[in-house]
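Participant: with the sequence up front, the predicted model follows.
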Amino acid sequence: MDNKTITDILASQYKASLGMFRNVIERTPQEQWNTEDYNNPNWQIAYHTIWSTKYYLGANAESYIPFENAITGAESLGGAQEWENTDAGVVVEGFHTKDELLAFINEVENNLQQRIEALPLGENSGYEWYPYSRLELHLNNIRHIQHHTAQIIERLKAKEITGFSWWIDQNPPQVW
């Protein structure tokens, strides 16, 4: 299998994962969007997920260009690892709307293929805390989207909110 085929598959899986995530954002009721029921409200998990997707599609931490309307510190969920909690003293003020985050997903999707193809899959990830290949970083990034998609769905199901499209495949299978 050649690199072009692999990058096409990766782009397809990113788009499917982001499509599922988009569905969750759209289906989250407004009263659950910025709820104080959790340490990190649903909007912040959504922002963190899209922020991370864009971040890890870059060559390294220094190459990251923030979302135009970024709220300072909102990308951090206060993880246990030092690199997950770089803004420990920052107080997140305000919140992103659904429309802002849907626009952020569009921004990520607009140059997805180019960003995947820009860096050799067999080379180092570019992030010292992920000591593996760029290909494995892409797989990790897709799993991260899926993790937080399921997290928000489970939160909403606990509130008896249902009707999510569990499987979105915007890209029909191709002959590889």
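Facilitator: Thanks, I have it.
Participant: do you have the helices of this structure handy? List them.
Facilitator: 3-27, 30-33, 42-56, 98-110, 112-118, 134-158 (DSSP state H).
Participant: Ser125: which of those is closest?
Facilitator: The minimum distance between Ser125 and the helices of the chain falls on helix 134-158, with 4.1 Å, by C-beta to C-beta. Any C-beta I mention is one placed from the backbone N, CA and C, and that applies to glycine too.
Participant: from Leu18, how far off is Arg155?
Facilitator: 19 Å (C-beta to C-beta, to the nearest Å).
Participant: next: Glu75.
Facilitator: For Glu75 relative to Leu18 (C-beta to C-beta), the value is 17 Å.
Participant: ok, Asn42 next?
Facilitator: 17 Å.
Participant: test my guess that Glu107 contacts Leu57.
Facilitator: No: Glu107 sits out of contact with Leu57 when judged by C-beta atoms under 8 Å, with a separation of 11.0 Å.
Participant: who has more neighbours, the two?
Facilitator: Leu57 (21 against 14; other C-beta atoms under 10 Å).
Participant: residue ranges with poor pLDDT in this structure?
Facilitator: 79-90, 165-176 (pLDDT under 70).
Participant: what sits against Asp37?
Facilitator: Taking C-beta atoms under 8 Å, 6 or more residues apart in numbering, we find Asp37 in contact with Arg155.
Participant: for it, phi and psi?
Facilitator: phi -70, psi -20 (degrees, to the nearest 10).
Participant: now do it against Ile71, distance only.
Facilitator: Distance from Asp37 to Ile71, by C-beta to C-beta: 20 Å.
Participant: and for Pro41?
Facilitator: Counting by C-beta to C-beta, the gap from Pro41 to Ile71 is 12 Å.
Participant: common neighbours of those two, please.
Facilitator: With C-beta under 8 Å, 6+ apart as the test, Pro41 and Ile71 both reach Phe95.
Participant: check which residues of stretch 64-83 are buried.
Facilitator: Phe67, Ile71, Gly73, Ala74, Glu75, Ser76, Leu77 (16 or more other C-beta atoms under 10 Å).
Participant: just flag the most distant two among those residues.
Facilitator: Phe67 and Leu77 (16.4 Å).
Participant: ok, Pro66 to Thr149 distance?
Facilitator: For Pro66, the distance to Thr149 - C-beta to C-beta - is 23 Å.
Participant: next: Asn34.
Facilitator: 19 Å.
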